[in-house]
Every structure is written in C-alpha cells, then in structure tokens.
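Trainee: dropping the sequence and predicted coords here.
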Amino acid sequence: MAQTIRALHLKGWSPATSTNYSFREDEGQIWVSRSGVDKSNFLSTDFITVDPKGNANGEFVGVKPSAETLIHCVIYALFPETKVILHSHGVYPIVATAKSESVIAFEGYEVQKGFAGQTTHEGRVEIPVFENTQDMIEFADTLRKNASRFDCHSFIMRKHGTYAWGTSLFEAKRHLETLDYLCQCDYMLK
C-alpha cells in the first residue's frame, strides 16, 4: 500500500501533503494515512488506526488522522466488502468537475470495463460529483443519501479530488486509474 501511494505521488496525483488512503483488516480495524505526510516518502508506519467514527484509537490516540477520515469510515460502512480506499487529486477528474452538473458520464470507452461490474463498452457509466465542503458530518450524510449512485465504486468532490474503493488494493487502484483515464480522454476530446 505504501508503495502504491508513492507511485500515485509520482503521477502527480498527491501534490504537497494532500490526499488520504486507508485499508480495513479482515477483523474490521481501519487504518488511515496520518495528516500532513509527504506522499513521496510515505511509509507503512504513516498509517494509524481509527474507530468507525474516524477517531484515532489504540496506540494512536492523540495522533491526527486525515481531516477526511470520516469519508473513509462511511464508505466502509456502506460497502462492507470494501478493503481499500484511495483518494487522489488527479488533475483531469478535478478539471472535469469545474463545469459538470451532479454527474460525469462516459459512453463507448473500452476502459469503462475497468470498473467492477461493467462488462461492455456499449453502456453508459456515471460518476457522481458532489460539492466540496469542509463539513465532514454533512458530507457523510450526503454519501449515505447517495449510496445507490456508486455503481462505479467512485465519486468526485468538485474541484477537490476523487475517491475510489475496492475489495483489494488492485481493484481500488484499477477504479482510480479507470476514472482518471476516462476524464483525461474526455478532456482531450473537448
């Protein structure tokens, strides 16, 4: 996981100390990236444990988790099969949200099949777009209300970044890369 985070940084998807990442053990313990860590040097020791409400627990009580930890906790609660969540600040998805409504849609791209459950390029896939906010309690409620919209295991916060998740690191990374690729193609066509 730490190696993947460093690789995402090399792509330019986690500028400064932005972005956050998490994984959930089979027993249910959530591990999330600490706040303020340079992702180019991210190590496995830069993860801390949190409870289902996003508060640092165990030996990490008092350590500051990412400000957006509650988002991770809500995704794990909504989709119990989820094991990994990746939050990126890739440029193309962010730019795509600047003028979009509440959804970004793609049709006819072979890579749409990168999203779990998509078996053809012939359909339409929709990625929800939500307004950026610093109020994580309110945003957590927004996620709960929109759970049925997450067919592609991802969403974008307008002018902020992408969240993608999966049942493994490989699947979460595939979802993140699929969305970024589709946004990049769409941008180039426009």
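Mentor: In hand now; what should we look at?

Trainee: list the contacts for the residue sitting furthest away from the middle of the chain?
Mentor: Farthest-out residue of the chain from its mean C-alpha position, per C-alpha atoms, centre = their mean: residue 59, at 25.9 Å. If a contact means C-beta atoms under 8 Å, 6 or more residues apart in numbering, then residue 59 has residue 49 as its contacts. C-beta: built from backbone N, CA, C; applies to glycine.

Trainee: and it, how far is that from residue 140?
Mentor: Using C-beta to C-beta, to the nearest Å, residue 59 is found at 26 Å from residue 140.

Trainee: what do you get for residue 149?
Mentor: On the measure of C-beta to C-beta, residue 149 and residue 140 end up 15 Å apart.

Trainee: give me the buried positions along the top helix by length along the chain.
Mentor: Taking DSSP state H as the criterion, the chain has its longest helix at helix 169-189. Of all the residues in helix 169-189, those buried under the rule 16 or more other C-beta atoms under 10 Å are 169, 171-184, 186.

Trainee: what are the boundaries of the strands in this protein?
Mentor: For the chain, the strands defined by DSSP state E occupy 20-24, 30-33, 47-50, 84-88, 103-107, 124-130, 154-157, 161-166.

Trainee: and the most centrally placed residue in the chain, what does it touch?
Mentor: Of all residues in the chain, the one closest to the mean position by C-alpha atoms, centre = their mean is residue 163, 1.8 Å from it. By C-beta under 8 Å, 6+ apart, the contact set of residue 163 is 71, 75, 85-87, 154-157.
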